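Student: turn this into a model:
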Amino acid sequence: MPVVLESNRILLVTFLHLRTFRKFCTKPKLSAILEKQVQESIENKDFTAKRHPGILKHGVVHVPQYVQKAIQVVLRDKPVKAILEEGKSLARYLHGRHPPPEEHEVKAKKAQLEEMVELEMGVDLSSLGVEEREVVQKRKQHLVMKKLRQHIHRWRPVPYDTRHKVLVYLLCRAAADHAAVSKVLAEVKHRQPLFSPATVFDFGSGVGTTTWAVRELWQDAPKEYFCVDSSVEMNDLASLLLRDGQETKEMPFKGVFYRQFLPASSVRQYDLVVSAFSLLELPSSQSRLQTILSLWKKTQKFLVLVEQGTNAGFKVINEARDFLISTSNRENTSTGPAHVFSPCPHDLECPRFLDSRIPCNFEVSYETLPFGQRPKILQERYSYVVMSKGQRPSEDPQWPRLVSPTLVRHKHSICRMCTANGELREIIFTASKHGRIPYRCARASKWGDLLPVQIKPPENPAQSDEEELARETDQPS
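Tutor: Numbers count the residues shown, from 1 in each chain. Model prediction:
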């Protein structure tokens, strides 16, 4: 029986993937025209197609050596093997986490389950005596609550209230957290080379992974790091790791502050505000949105939000994105205008959230910490948004972004992209149809890169990309 169920599951998944692929491919073909300046630069050999300006190449991310040395000092005489085993359990829990259920969701689900239980019990309460009715009602409530616990995610905060728990988080999540934040901030630096944050605000700063990434990218440019984390133990360890793991050593650079709570005043603003892997720690949608608004008011230029690339992580990122766009577009708003800097090339509703069960996420490779185990190269998927203060610049080309791995095939490459008009589009690039240089640019682009093309409406709406490819390769469509 299990073999049959597994076979059916595989067939269902295959069918859904094929249906999605057909949905993309049978749409009328689109024209993708390479940016003229990029075309000319490649022809003049200023750079190659493999190095076009939309590529956001980011290799394997390593935790900085000075941090690794500090961790080694901190872990001295600690049961590293046991901490690693606990870390695996914590990592699984965090990866499977859902946002806290809202009160209206619980009420609606409870009402639905009450109807279901009544049908299952098949008892006419009007025909029962008072005592029998009470017994049946208690039984019904017991069954409803039992089913409710099975259908509603039991969210609870993770208390990092001891040094041991903080060390567990350090070994199981710090390398992955740092890698995701590092890649997101690297794109900001790549696309805005003149931006150099003098002040940084880190909400949910944890063990200091954002500070590590900012220091790697902008060295000594930041003069102030304001770090907020509700855990005193997290703050203490973050400070200790910057001091080479030595309690008595002074901070090697000035301007680092640790607090447990958000400042009440929003007068003080920071060039770069980051919240990484913290939104799912908040107990409700209302608290998340209040926090996001507070962070936005503290933002001078960029607000960066990062979560794990699960459906839950994507959900809270998209919630924050939509909230900030709608808030900034209101008249007489005190926060000023805003636009999405990354990953979306538009400020419209997310097409992935509307039309797909797949979260909008991206991937980064990182090396695990070499304590209690041999270091390995792993991949971390994350969802994120970078919001920028002000209107979208008129010179922003709004290049489409690849939202899944490029499918490189014989004589053609398939790129699935989020476009400036807020739609998911798939284009099959071939050298004969698009030209040799655009084809090579598409072939070299990876998941998460920008493709420097302008997408135009179809010249022949009746013909699909799939039919065109079949014609070019002399295969039946």
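
Student: residue with max distance from the center of this protein?
Tutor: residue 129 (56.7 Å; Cα atoms, centre = their mean).

Student: how far away is it from residue 135?
Tutor: Plainly put, residue 129 is 10 Å away from residue 135 if you go by Cβ to Cβ, to the nearest Å. Bear in mind the C-beta positions are built from the backbone N, C-alpha and C, glycine included.

Student: just residue 191 next, same as before
Tutor: As judged by Cβ to Cβ, residue 191 and residue 135 stand 67 Å apart.

Student: these two - which one has more neighbours?
Tutor: residue 191 (16 against 12; other Cβ atoms under 10 Å).

Student: on the pLDDT front, check that one for me.
Tutor: As predicted, residue 191 sits at a pLDDT of 96.

Student: and it, how close does it get to residue 399?
Tutor: Distance, residue 191 to residue 399, by Cβ to Cβ: 10 Å.

Student: just residue 272 next, same as before
Tutor: Distance from residue 272 to residue 399, by Cβ to Cβ: 23 Å.

Student: still on that earlier bit, quick check on the residue farthest from the centre of the chain: phi, psi?
Tutor: Residue 129 adopts backbone torsions of phi -80, psi 180, taken as degrees, to the nearest 10.

Student: and what of the one 5 residues further on?
Tutor: Listed backbone geometry of residue 134 is phi -60, psi -40, with angles given as degrees, to the nearest 10.

Student: now it: how far from residue 140?
Tutor: As defined by Cβ to Cβ, residue 134 lies at a distance of 11 Å from residue 140.

Student: higher neighbour count, these two?
Tutor: With neighbours defined as other Cβ under 10 Å, residue 134 and residue 140 compare such that residue 140 has more, 18 against 11.

Student: surely the more buried one forms part of a strand?
Tutor: No. Assigned with DSSP: H, G, I helix; E, B strand; the rest coil, residue 140 falls outside any strand and is helix.

Student: tell me, what's the model's pLDDT at the closest residue to it other than its chain neighbours?
Tutor: Residue nearest to residue 140 in three dimensions, not counting chain neighbours: residue 117, with 5.5 Å by Cβ to Cβ, 6 or more residues apart in numbering. Per-residue confidence (pLDDT) for residue 117: 74.

Student: about what we covered before: among residue 272 and residue 399, which residue is more densely surrounded?
Tutor: Set side by side, residue 272 and residue 399 show more neighbours around residue 272, with 26 against 20, by other Cβ under 10 Å.

Student: is that one in a helix, a strand, or coil?
Tutor: The three-state assignment at residue 272 reads strand, by three-state DSSP.

Student: wait, it sits on residue 304?
Tutor: Yes. Shown here, residue 272 and residue 304 form a contact pair, counting by Cβ atoms under 8 Å, at 7.1 Å.

Student: centre of the chain to the longest helix anywhere in the chain, how far?
Tutor: Criterion DSSP state H: the longest helix present in the chain is helix 163-191. Computed by Cα atoms, centre = their mean, to the nearest Å, the separation of helix 163-191 from the middle of its chain amounts to 13 Å.

Student: beyond it, next helix or strand please.
Tutor: Sequence-wise, the next helix or strand downstream of helix 163-191 (DSSP states H and E) is strand 199-203.

Student: hmm, who's touching that next one?
Tutor: For strand 199-203, the surrounding residues in contact (Cβ atoms under 8 Å, 6 or more residues apart in numbering) are 210-211, 214, 222-228, 262, 269-276, 278, 291, 295, 298-300.

Student: hey, where'd the strands end up in the stretch 351-477 of the chain?
Tutor: Using DSSP state E, counting those that start in this stretch, the strands found in the stretch 351-477 of the chain span residues 362-367, 377-389, 401-402, 407-409, 412-418, 424-429, 453-456.

Student: tell me the secondary structure for the nearest residue to residue 70 once chain neighbours are set aside?
Tutor: Counting by Cβ to Cβ, 6+ apart, residue 70 lies nearest to residue 245, which is 3.9 Å off, once chain neighbours are set aside. Look at residue 245: counting by three-state DSSP, its state is coil.

Student: ok so, going back, which of the contacts of strand 199-203 count as buried?
Tutor: Burial by neighbour count, judged by 16 or more other Cβ atoms under 10 Å, picks out 210-211, 214, 222, 224-228, 262, 270-276, 278, 291, 295, 298-300 from those.

Student: and the host helix or strand of residue 325, what does it pack against?
Tutor: Taking DSSP H and E as the criterion, residue 325 maps to helix 311-328. The elements that helix 311-328 packs onto, with contact taken as 3 or more Cβ pairs under 8 Å, 6 or more residues apart in numbering; DSSP states H and E, are helix 285-297, strand 299-308, strand 338-342, helix 351-355, strand 377-389.

Student: can you tell me the closest non-neighbouring residue to the residue most central in space within the chain?
Tutor: Centroid check for the chain by Cα atoms, centre = their mean gives residue 383 as the closest residue, at 0.9 Å. The shortest distance from residue 383 to any non-neighbouring residue, by Cβ to Cβ, 6+ apart, is to residue 314 (4.2 Å).

Student: just confirm that neighbour contacts residue 361, I think it does.
Tutor: Yes. Residue 314 lies in contact with residue 361 (Cβ under 8 Å); the separation is 6.3 Å.

Student: find residues that contact each of the two.
Tutor: By Cβ under 8 Å, 6+ apart, the residues touching both residue 314 and residue 361 are residue 383.

Student: that concludes my questions; thank you for your assistance.
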